[in-house]
Every structure is written in structure tokens, then in C-alpha cells.
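**Student:** Dropping the sequence and predicted coords here.
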Amino acid sequence: MAPKYWNEECERISRTDLEQLQLKRLRKTVDRALQTPFYKRRLAKAGIRSGNDIRNLGDCEKIPYTTKDDLRQAYPDGLLAVDRDEVVRLHTSSGTTGTPTVIYHTGNDLENWTELLARCILATGASHKDVFQNMMTYGMFTGGLGLHYGAEKVGMMTIPIGGGNTVRQLNLMRDFQSTVLHITPSYMLHIHSAMEAEGYSLEDLNLKKAYMGGEPYSESTRRKIEEIYNIDAYNSYGLSEMNGPGIAFECEEKNGMHIWEDSFIVELRDPSTGEELGPGEKGELVMTTLCREATPILRYRTGDITSLMGGECPCGRTHRRIERITGRLDDMLIVNGVNIYPSQIEAVLMKIPEVGTNYQIVVENKGAIDKLTVKSEIYAKLFSGDTRQLESIRESIKDRLKSSIIINAAVELHEPGGLPVFEGKAKRVIDKRSEG
Ligand code: ADP
Ligand code: ZN
């Protein structure tokens, strides 16, 4: 039997001990943050001059939030808390939407990050006997390297292929009998259409699990992927500001993601009022690093929408779980005054058996009103020439969308391969309103 826990003592720590540990680490983190020009100024304004000014975990509220914009303004080293010589790696964001952000790591930071991933991997029931194909992009994007180190730590045979190059991916899966994949859900869906086109069948492969993250997706997409590949798919959440993958991960229960609270303080806040939210209430995830030396970050507004789950997990881990992320605050579309998250549309599509593995959402202005078009690929066999059948699929998609998102969407059906393919994070929404 593979061991169930990587670090049982910590993964099953009592809540009282955990809170004591958090307080100790929070004080230390505040002291570290005070070494940076950015927090020195920010914390002084809030009357915090040392970690000792934090008397209990409730005092966390005294600390001002940190935003992505703060990180941008601190670029390149306004948030560096250690001597440059102690840094062993940095990751920056792509910077396509403005100044990039940078996160520095010391050797200890990387070790801690790796440990968190080793815990996540064992929590899914995988072990050193597995063959791990890492299909996330390597490089500055944290998805690839993050899981890579965790997988090697656990002792899995690791194939560092990175994203893209679908035929080669399939060849590797077959030749080395990969059992665990790390991949974005959109690429996982695409690989399935490619398998058919390349003449691969599931029997050629030995797939057992997939770790899927990097972008929001619905429970129906997970189910669809589990069904078409006959595997277990686990949700993996992370963001580069908090390291990358390994922040929150599903265990074998596949019911919410444990978030490692010995390394992060987790808060759920109403994004407009700042009010603290209880279990089951949806809001913005706010996180504080507790172990990071090189770039401590206090009360970071992730922009990600989720809720905390109450109750204990049967797996025995005491670290709380968060629900699947529904989207980012800035992903929300307002169409004719109605708020819609792309994941709501995806959830509808992936429940419809005729719908294939790719879709796109287009919003544009038509006079004074917005027009929403949902383009969906459907399976090739349905394009046999019976237009009545196609029309009825189209109508059925339209109806189901209407009952979920309330507004009328135009629906276009496409043959497999008809819509743009994404090998990393998908760009599903084309909002033409912002272009004009
Ligand atoms: P960027 O912000 O440029 O996309 P990151 O690579 O740090 O950079 O991406 C982190 C973001 O990706 C998260 O804040 C979240 O919005 C999204 N994300 C990551 N994993 C998941 C997941 N499992 N479910 C939903 N969203 C996710
Ligand atoms: Zn669990």
C-alpha cells in the first residue's frame, strides 16, 4: 500500500495546534515583510512596527490588503525581503497586461513548495510507482516547475515534456505508460479529439489520474473528462503569488480542495464590503504566506471566487477545503445587465452528451443591446447530413443555456477542429465590446 500521507503529523494537526503555529509564523512573516520597502511603508501606516504587534490571529484584520497592482508597483525588488544572494529562483508573470510581477524564492522557499506538492500527490493516492507526464508549460509560468519538483520528491518517474506537441504527448503516454497527467482541463479535452484523429485508443495507454488546474472549469467538465478517459481527475489550484500549484488540491474524496493552512492563512471576504464570510458563502479568497522568506505577501486579494467548506473530510486531513473556483472577479461578464461567469456556460455545455470538447463564447454590441453567441463543437458523427437532428441539438443547447443564465444566447455548432485549440490556459471568451 502506498503511504496515505506525506507528512501525517502536519496534515492531521489539531486545529488548536494549527492556530498556534499560524500565529507564530504570521508574526515572523510580518517581521520579514518589514524588511521590504513596500511593507515598511504600508504597515507603518497601519501602526504595525513589529510582528509582536500581532497579538492574536484576529489581529490579521489590522493588516492592509495587498493587491496585484501593489505587486506591479513594487517591481522589480520592492517586495524582496532577503539579501539578493539568498535568492535561488524567481518567477515573473508574463506582463501582457501591464508591468509584470515578480516572486523570489530562497532555497527554503522551494523546499517548502515542493513539500506541499508531495503532500498533494500522496493525497490523490498516487505514489513513487506512478509515471508522471507533466504537460503544463515550464519556464516562468509556475505550473510546470512547481509540480515537477513535487513529483520527483515523491519519486515518480517524471516526464518533463511541458505543454503542446500533441502527437508527441500521445507517443510518450503510450511508450512509457504514463499513469498520471498534469494538464489544463481545456488541453485535456483537446487531447481526446486528437487521440481519435491519430488512431489512438484508450487500450494503448495506461492513464489513471489527471491533475487539472490553471483555469476555472466546472464539475460537469471534470465528469466528462473522467468518463471519456476512464480516469480520476483531481482539481488543483494555485497562483504564482502564493508559489504556484500545490496551494490547494483535492484528496481522494474529490470533494473540495484542502488548502495547506500551516503555510497560508486563508480568508473568504465579500469583495465589495470586505466582510468575513463563513462556510458555504461565496466570496473572494484572500491569502497570506506563512513560510515564504524571499517574498512574504500579506492578505493578498487573489480575485478568485470560491467558498470555504465546513465539516471534516473523511481523509483525516484537518486543513480546511475550498470549493471549486467559479471564476475570477475580472472574468465576470455583464451581458445586458445580467452577471454571468463563463464557467456557468461551460457547465451547461459539458452536460450535453452530443457536445464535443471545445467551445467559445463571443459577446458583441448589436445596437444598444449585447449579443451573446456560444460556439460549440459537437461530435463528427452528428454532421452526417441530417439537418433536423443538428437543429434539435442546437435548440436543446439554447434552451438549457436560457434556464441556467437567464438570457437568450445564439448557438452555433461546429465540427471538431473548427474552433481555436489551446495547449495551455484557454481563452474562451471573446468580448468584442471592449475592442470598439
Ligand atoms: P495569471 O494570473 O497570469 O493567470 P497564474 O499562473 O498565477 O497567473 O494563474 C493563477 C490563476 O489561475 C488563479 O488566480 C486562478 O484564477 C486560476 N486558476 C488556477 N488553478 C485553478 C483551478 N483549479 N480552478 C480555477 N481557476 C484556477
Ligand atoms: Zn480530504
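**Tutor:** Great, that's in hand. Ligands and ions are numbered 1, 2, ... in the order given.

**Student:** how many other residues sit next to Gln20?
**Tutor:** When counting by other C-beta atoms under 10 Å, one arrives at 13 neighbours for Gln20. No exception for glycine: its C-beta is placed from N, CA and C like everyone else's.

**Student:** who's in contact with it?
**Tutor:** Not one residue lies near Gln20 by C-beta atoms under 8 Å, 6 or more residues apart in numbering.

**Student:** cool, Ile48 as well?
**Tutor:** Val30, Leu34, Ile54, Lys62, Ile63.

**Student:** In stretch 359-376, which of the residues would be classed as buried?
**Tutor:** Judged by neighbour count using 16 or more other C-beta atoms under 10 Å, the buried positions of stretch 359-376 are Tyr359, Gln360, Ile361, Val362, Val363, Asp370, Lys371, Leu372, Val374, Lys375, Ser376.

**Student:** scratch that, stretch 395-403 is what I was asking about
**Tutor:** For stretch 395-403, by 16+ other C-beta under 10 Å, it's Ile397, Arg400, Leu401.

**Student:** Can you tell me the SS state at the residue lying closest to Leu57 once chain neighbours are set aside?
**Tutor:** Of all residues beyond its chain neighbours, the one nearest Leu57 is Leu23 (5.6 Å), with distances taken as C-beta to C-beta, 6 or more residues apart in numbering. Put simply, Leu23 is helix when judged by DSSP: H, G, I helix; E, B strand; the rest coil.

**Student:** now Leu23: how far from Pro279?
**Tutor:** 22 Å (C-beta to C-beta, to the nearest Å).

**Student:** Between these two, tell me which one has more neighbours.
**Tutor:** Neighbours per residue, other C-beta under 10 Å: of Leu23 and Pro279, the larger number sits with Leu23, 19 against 13.

**Student:** Now do the contacts for the more buried one.
**Tutor:** Ile54, Asn56, Leu57.

**Student:** picking that back up, from the contacts of Ile48, which land in helices?
**Tutor:** In helices, defined here by DSSP state H, the members of the contacts of Ile48 are Val30.

**Student:** where does the closest residue in space to Trp113 that isn't next to it in sequence land on pLDDT?
**Tutor:** In space, and not counting its chain neighbours, Trp113 is closest to Asn243: 4.6 Å by C-beta to C-beta, 6+ apart. Looking at Asn243, its pLDDT reads 97.

**Student:** Asn243: how many residues sit nearby?
**Tutor:** Asn243: 27 neighbours (other C-beta under 10 Å).

**Student:** which bits of the stretch 51-200 of the chain sit near ligand 1?
**Tutor:** Within the stretch 51-200 of the chain, the positions adjacent to ligand 1 are Ser93, Phe141, Thr142 by C-beta under 6 Å from any ligand atom.

**Student:** Most neighbours among the residues you listed, please name it.
**Tutor:** Result: Thr142 is most packed of these (other C-beta under 10 Å), 25 neighbours.

**Student:** In this structure, what residue spans correspond to helices?
**Tutor:** Going by DSSP H, the chain shows helices at 8-11, 15-33, 37-45, 68-73, 107-123, 142-154, 166-175, 185-197, 219-229, 342-350, 387-405.

**Student:** buried stuff in the third one?
**Tutor:** Looking back up the chat, that one is helix 37-45. In helix 37-45, counting by 16+ other C-beta under 10 Å, buried: Phe38, Tyr39, Arg42, Leu43.

**Student:** OK, contacts around the first one?
**Tutor:** With contact taken as C-beta under 8 Å, 6+ apart, Phe38 is in contact with Asp70, Gln73, Ala74, Gly78, Leu79.

**Student:** so how far is Arg84 from the first one?
**Tutor:** Distance check for Asp70 against Arg84: by C-beta to C-beta, it reads 21 Å.

**Student:** Show me which of these two is the more surrounded one.
**Tutor:** Asp70 (19 against 9).

**Student:** quick check: mean pLDDT across stretch 410-424?
**Tutor:** Mean predicted confidence for stretch 410-424 is 93.

**Student:** What's the end-to-end length of that stretch?
**Tutor:** Stretch 410-424 stretches 27 Å from its first residue to its last (C-alpha to C-alpha, to the nearest Å).

**Student:** ok now it, how far from the chain's centre?
**Tutor:** 23 Å (C-alpha atoms, centre = their mean, to the nearest Å).

**Student:** Kindly report the same for stretch 282-292.
**Tutor:** Chain-centre distance of stretch 282-292: 14 Å, with C-alpha atoms, centre = their mean.

**Student:** tell me which parts of the stretch 301-436 of the chain are close to ligand 1?
**Tutor:** Near ligand 1, when you scan the stretch 301-436 of the chain using C-beta under 6 Å from any ligand atom, you find Thr302, Asp304, Ile325, Arg328.

**Student:** Just give me the least confident of these.
**Tutor:** For those, the pLDDT minimum is Arg328, 89.

**Student:** Now do that one against Val429, distance only.
**Tutor:** Per C-beta to C-beta, Arg328 is found 12 Å from Val429.

**Student:** got it, and Ile13?
**Tutor:** Applying C-beta to C-beta, the value for Ile13 to Val429 is 41 Å.

**Student:** Could you double-check that Gly316 sits in contact with Ile13?
**Tutor:** No. In this structure Gly316 lies outside contact range of Ile13 using C-beta atoms under 8 Å: 11.1 Å.

**Student:** that older thread, point out the most buried one among the helices of the chain.
**Tutor:** helix 142-154 (a mean of 24; mean count of other C-beta atoms under 10 Å).

**Student:** got a list of contacts for it?
**Tutor:** 6, 91, 110, 113-118, 120-122, 126-128, 132, 134, 136-139, 158, 160, 162-163, 180, 182, 211, 213-214, 238, 240, 243-246.

**Student:** Give me the distance between that helix and the centre of its chain.
**Tutor:** 15 Å.

**Student:** Ok, stretch 389-406 next?
**Tutor:** Centroid displacement of stretch 389-406 relative to its chain, using C-alpha atoms, centre = their mean, is 29 Å.

**Student:** Kindly report the same for stretch 291-304.
**Tutor:** 16 Å.

**Student:** In ChimeraX, select just the buried ones from the contacts of Leu23.
**Tutor:** In ChimeraX syntax, the buried subset of these is picked out as below (16+ other C-beta under 10 Å):
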select :54
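
**Student:** Let me know the closest of the residues of the stretch 301-436 of the chain next to ligand 1 to Arg168.
**Tutor:** Ile325 (30.4 Å; C-beta to C-beta).

**Student:** was I right about the closest one contacting Glu284?
**Tutor:** No. Counting by C-beta under 8 Å, Ile325 does not reach Glu284; the two are 10.6 Å apart.

**Student:** Based on its surroundings, how many neighbours for Asn235?
**Tutor:** Asn235, neighbours per other C-beta under 10 Å, totals 22.
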